[in-house]
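1. please work out how this folds:
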Amino acid sequence: MLASFIRLSSRPLAVFGVVLVLAHVAMAVLAPVVLSVNPLSILDMPLQPPGPEALLGTDELGRDFLTRLLYGGRTAISVALLAGGIATLGGGLLGLAAARVGGWFDDVVSRFTEVQLSVPPILTVSLFVAALGQSTAVLVAVSAIILSTGVIRTARAQGLNLMQSGYVKAAILRGESGLSIVLRELLPNAAELLAVEFALRASSAFLLVSALSFLGLGISAPTPDWGLMVSEGLSSLRYQPWLVVMPALMISSLVVGINFATEGLSEVFGLEAARGGA
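-> Sure, this is the predicted structure:
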């Protein structure tokens, strides 16, 4: 672990990515501690320019824009982490199980991933959200299902490689069950790959939730959310462009940070080849 940390710290872009991600997480966690203004409070000063009373001005309803900006990532980041975690764990186990069991089970899993990958994720999630309603639970569940397809393919490929290893063959000869082999032999040896997959899927989930919020199908008002704030600020783009630019920068900087950190982890763990077909 220490050696991996040292190798990661020697990559400037990876370190920059980790710092960006930690900064965003810190803002989301510490926003209630640092700021005393409620992000839902209306200051009765709509579309005010930056000033002493509101450092970044107010939005079209008169709410403090800086407060909403710092609070804006809390819900989306939480949804992304939950959806990414469920997708990684569920998809990882399913992909490894497909590699171990093979046969009809592998065929069913492979066809499921092919069907899912043929449909644009935002279209699928939009249909489910429109049918089941806008709620955090629906966003997490549907995003996890959609994002799990990439994890399944990657985990299955890794599982097929691991099935050729001596310790897995020895476990089969000892008569261990398929579940035992997946949990005790395949999963621990695919943990580093799944850690990188988690970062990738969390990033994808965050972008997906932000896009849905921008379209009015994700996190609903008045909850502060960066995607929703971009949508709300479009009507004032000509006069107060920061209402759109600032939340857009927050979204892009977090995604860039996750991608840089993920690339660094892939290089440290030597997983570029393993992830090549994902």
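2. can you pull the contacts of Leu212?
-> Remark: with contacts taken as CB atoms under 8 Å, 6 or more residues apart in numbering, Leu212 is in contact with 122, 125-126, 129, 139, 218-219, 227. Yep, even glycine has a C-beta here, placed from its N, CA and C like the rest.
3. how does it look with 10 Å?
-> 76, 79, 122, 125-126, 129, 134, 139, 142-143, 218-219, 225, 227-228 (CB atoms under 10 Å, 6 or more residues apart in numbering).
4. tell me the confidence at it?
-> According to the per-residue confidence, Leu212 scores 86 in pLDDT.
5. cool, Gln48 as well?
-> Reading off the confidence values, Gln48 has pLDDT 81.
6. any idea what sits nearest it, other than its immediate chain neighbours?
-> Thr58 (4.6 Å; CB to CB, 6 or more residues apart in numbering).
7. ok, that neighbour touching Ile42?
-> Yes: using CB atoms under 10 Å as the test, Thr58 is close enough to Ile42 to be in contact (8.7 Å).
8. and the two? which has more neighbours close in?
-> Thr58 (26 against 14; other CB atoms under 10 Å).
9. that one pairs with what?
-> When bridges are called by DSSP bridges, Thr58 pairs up with Asp64.
10. quick one: it and Ile77, what's the gap?
-> Thr58 sits 24 Å away from Ile77, taking CB to CB, to the nearest Å as the criterion.
11. can you pull out the helices in this protein?
-> Remark: helices assigned in the chain by DSSP state H are 2-9, 12-34, 65-71, 73-101, 103-117, 121-132, 136-162, 166-173, 178-181, 187-189, 191-215, 226-233, 242-269.
12. distance to Ala54 for those - can I get that in a markdown table?
-> What follows is the helices of the chain, written out as a markdown table (distance: least, CB to CB, whole Å):
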| stretch | distance to Ala54 |
| --- | --- |
| helix 2-9 | 39 |
| helix 12-34 | 15 |
| helix 65-71 | 7 |
| helix 73-101 | 19 |
| helix 103-117 | 45 |
| helix 121-132 | 33 |
| helix 136-162 | 29 |
| helix 166-173 | 61 |
| helix 178-181 | 57 |
| helix 187-189 | 50 |
| helix 191-215 | 23 |
| helix 226-233 | 15 |
| helix 242-269 | 12 |
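13. residue contacts, Gly73?
-> For Gly73, the contact set (CB under 10 Å, 6+ apart) comprises 24-25, 27-29, 31, 80, 206, 210, 224-226, 247, 250-251, 254.
14. Ser78 contacts Gly72, doesn't it?
-> No: taking CB under 10 Å as the definition, Ser78 is not a contact partner of Gly72, at 12.0 Å.
15. for these two, indicate the residue with more neighbours.
-> Each of Ser78 and Gly72 had its neighbours counted (other CB under 10 Å), and the higher figure belongs to Gly72 (30 against 14).
16. wait, isn't that one in contact with Ala248?
-> No: under the criterion of CB under 10 Å, Gly72 is not in contact with Ala248, lying 11.1 Å apart.
17. which neighbours do those two have in common?
-> Taking CB under 10 Å, 6+ apart as the contact criterion, the residues that touch both Gly72 and Ala248 are 210, 226-227, 229-230.
18. JSON lines for the residues you listed, including distance to Ala97?
-> Formatted as JSON lines, the entries for the shared contacts of Gly72 and Ala248 read as follows, by distance: CB to CB, whole Å:
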{"residue": "Ser210", "distance to Ala97": "32"}
{"residue": "Trp226", "distance to Ala97": "37"}
{"residue": "Gly227", "distance to Ala97": "35"}
{"residue": "Met229", "distance to Ala97": "41"}
{"residue": "Val230", "distance to Ala97": "40"}
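19. fine, thanks again, bye for now.
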